[in-house]
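# Build me a model from this:
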Amino acid sequence: MTSFVQPTSPEQLFTLGPIDPVENPYDIYRAMRANAPVGESGYGYYIASFELAQQALLDDETFSSKSNSPDYPGIGMVFGQTIVGMNGKEHLKHRNLITPALRPRALGCEFREGARSTADALIDKFIASGRSNLVPDFTFLYPLSVFVQLLGLPQEDVHDFHQWGVDLTHVAADPERGLRGSACLAEYLGPVLKDKRDTPTGDLICRLIEAEVMGERMTDAEIISFLRLLITGGADTTYHLLGNTLHRLLSDRELLERVLANRDDIEPLLWESLRWEAPVQFVSRQTNREVHIGGVTIPDDAPVMVIIGSANRDEAAFDNPDAFDIDRDQGKSLAFGYGKHYCAGADFGLAEATIGMNAILDRLEDIRFDDSAETPSTIRGVAFRGPSHLKVTFAA
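Predicted structure coming up:
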């Protein structure tokens, strides 16, 4: 049985690990927005309201992404230099190198067919039993299995990639673990890049190798750093998006029946899931100058945590924000960021999640929570939020 932790203050919440079992951070966020939408915590400073979070994410000259670079403690230590830690012309150049390779349209029907076949292969392993825990059986494996296929890497290495990706996300709480995962990925990918330069195979890695903007290409070190970022996205972001969305559907039979009858509702369903339970709750920034925001003066070179999970539940931006409503105006969520650093892989992630959702709904008839499960499925976490498990039954 999972023992949930329920912090009662921002200070308690922010001292916990990224996946500690916190069931409800939203009461704390609501109080923060009401009493101090900008303030100090053990981390540094935080921004909790939608309007001010949007303002900070848009103003990358003041609220710099350099906090995500290798020069600062955090994800840059394990990713290396990637677009999430770059600013200005350097960021624009790398974004222009990377984004075309990730567009679902550029990847073509081969991507969609491959993603569906990956989903079907995972479902084939448990469908005959009439029951499954969809977290280990599907949502955990599917996103990175798709990436491994696109990268032209062996499917049998998926579990290693998942472990290394999870290791990277623990860098703040356990730097040694994060650095070990980073080193393992570099050791694995170095020879792969050499082979693909010598013998191009047309996969995503080869597209990154061949990408060129204004006569410049990415170095092997830059490609490896970006692949670390992609692998972590596959291991955590789409994984939790699928889990949170399925959890919500299984908790609301009327909504499930509606989506089953009209698959066009999957897109607004995913957007509302991103708003309602942002898979990644925090975005890190570092000030480039002293700034006055929300009645608080933040000094130069101060760490700032933009709380996406709080901004997406802000009463000033969303009517009845704690309700899950796929009919609300979609696309306003900050789950993929905002401004120049809006997630380059957003369209890819949504396409991948849509294919995975359709596969589950197509093949698992009369799907519902397993009443015999010892503990109910619950969404939990701090920096990363997703269901503890998704034990289901369906018509075999």
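# pull the helix or strand with minimum mean pLDDT from the chain.
helix 88-102 (a mean of 71; mean pLDDT, DSSP states H and E).
# Downstream of it, the next helix or strand is which one?
helix 104-124 (DSSP states H and E).
# ok, residues contacting that following helix?
100, 137-138, 141-142, 145-146, 149-150, 204, 347-348, 351-352, 355-356, 358-360, 363-364 (C-beta atoms under 8 Å, 6 or more residues apart in numbering). For every residue, glycine as well, the C-beta is placed using N, CA and C.
# What about these, which are in helices?
Secondary structure from DSSP state H places 100, 142, 145-146, 149-150, 204, 347-348, 351-352, 355-356, 358-360, 363 of the contacts of helix 104-124 in helices.
# that older thread, would you mind listing which of the contacts of helix 104-124 are buried?
137-138, 141-142, 145-146, 149-150, 204, 348, 351-352, 355-356, 359-360, 364 (16 or more other C-beta atoms under 10 Å).
# ok, now which ones touch the most centrally placed residue in the chain?
The chain has residue 237 as the residue nearest its centroid, 2.2 Å off, counting by C-alpha atoms, centre = their mean. By C-beta under 8 Å, 6+ apart, the contact list for residue 237 reads 143, 279-280, 349.
# What backbone torsions are found at it?
The phi/psi pair for residue 237 (degrees, to the nearest 10) reads phi -70, psi -60.
# The one 4 residues further on too?
In terms of degrees, to the nearest 10, the main-chain angles of residue 241 are phi -60, psi -50.
# Count residues in the vicinity of it, would you?
Residue 241 has 27 neighbours, counted by other C-beta atoms under 10 Å.
# circling back to that earlier point, how close does the residue nearest to the centre of the chain get to residue 343?
Distance, residue 237 to residue 343, by C-beta to C-beta, to the nearest Å: 8 Å.
# sorry, back to before: of all the contacts of residue 237, which comes closest to residue 45?
The closest of these to residue 45 turns out to be residue 280 (C-beta to C-beta; 18.7 Å).
# I'd say that closest one and residue 382 touch.
No. Using C-beta atoms under 8 Å, residue 280 is not in contact with residue 382; the gap is 10.8 Å.
# who's more crowded, these two?
Taking neighbours as other C-beta under 10 Å, residue 280 and residue 382 compare with residue 280 leading, 24 against 21.
# Could you give the bridge partners of that one?
Applying DSSP bridges to residue 280 gives these bridge partners: residue 384.
# Can you show me the strands along this protein?
38-40, 45-47, 63-64, 131-133, 282-287, 291-293, 296-298, 303-307, 368-369, 379-381, 385-387, 391-393 (DSSP state E).
# which one of those strands lies closest to residue 174?
Smallest distance to residue 174 across the strands of the chain (C-beta to C-beta): 16.3 Å, for strand 379-381.
# how about low-confidence regions in the stretch 101-250 of the chain?
101, 105-106, 213-214, 233-235 (pLDDT under 70).
# and residue 49, how far is that from residue 240?
For residue 49, the distance to residue 240 - C-beta to C-beta - is 23 Å.
# Those two: who's more crowded?
Just comparing residue 49 and residue 240: by other C-beta under 10 Å the higher neighbour count belongs to residue 240, 27 against 23.
# separation between that one and residue 335?
Taking C-beta to C-beta, one finds residue 240 at 11 Å from residue 335.
# Spit out the residues that contact the two alike.
Contacts common to residue 240 and residue 335, judged by C-beta under 8 Å, 6+ apart, are 279-280.
# Most distant residue from the centre of this protein?
Centroid-distance maximum for the chain: residue 198 at 32.9 Å, with C-alpha atoms, centre = their mean.
# for this structure, which helix is longest?
helix 175-198.
# Pull it out as PDB, backbone CA atoms only.
Output of helix 175-198 as PDB, limited to C-alpha atoms (Å, rounded to 0.1, in the frame of the first residue of the first chain):
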ATOM      1  CA  PRO A 175      23.500  13.800  -8.400                       C
ATOM      2  CA  GLU A 176      25.600  10.700  -8.500                       C
ATOM      3  CA  ARG A 177      22.700   8.700  -9.900                       C
ATOM      4  CA  GLY A 178      21.900  11.400 -12.500                       C
ATOM      5  CA  LEU A 179      25.500  11.600 -13.600                       C
ATOM      6  CA  ARG A 180      25.800   7.900 -13.900                       C
ATOM      7  CA  GLY A 181      22.800   7.700 -16.200                       C
ATOM      8  CA  SER A 182      24.200  10.600 -18.300                       C
ATOM      9  CA  ALA A 183      27.500   8.800 -18.700                       C
ATOM     10  CA  CYS A 184      25.800   5.500 -19.600                       C
ATOM     11  CA  LEU A 185      23.900   7.200 -22.400                       C
ATOM     12  CA  ALA A 186      27.000   8.900 -23.800                       C
ATOM     13  CA  GLU A 187      28.900   5.600 -23.700                       C
ATOM     14  CA  TYR A 188      26.100   3.800 -25.500                       C
ATOM     15  CA  LEU A 189      25.400   6.600 -28.100                       C
ATOM     16  CA  GLY A 190      28.900   7.500 -29.100                       C
ATOM     17  CA  PRO A 191      29.600   4.400 -31.200                       C
ATOM     18  CA  VAL A 192      26.100   4.500 -32.600                       C
ATOM     19  CA  LEU A 193      26.700   8.000 -34.000                       C
ATOM     20  CA  LYS A 194      30.000   6.900 -35.500                       C
ATOM     21  CA  ASP A 195      28.300   4.000 -37.200                       C
ATOM     22  CA  LYS A 196      25.400   6.100 -38.500                       C
ATOM     23  CA  ARG A 197      27.800   8.700 -39.900                       C
ATOM     24  CA  ASP A 198      29.700   6.000 -41.700                       C
END
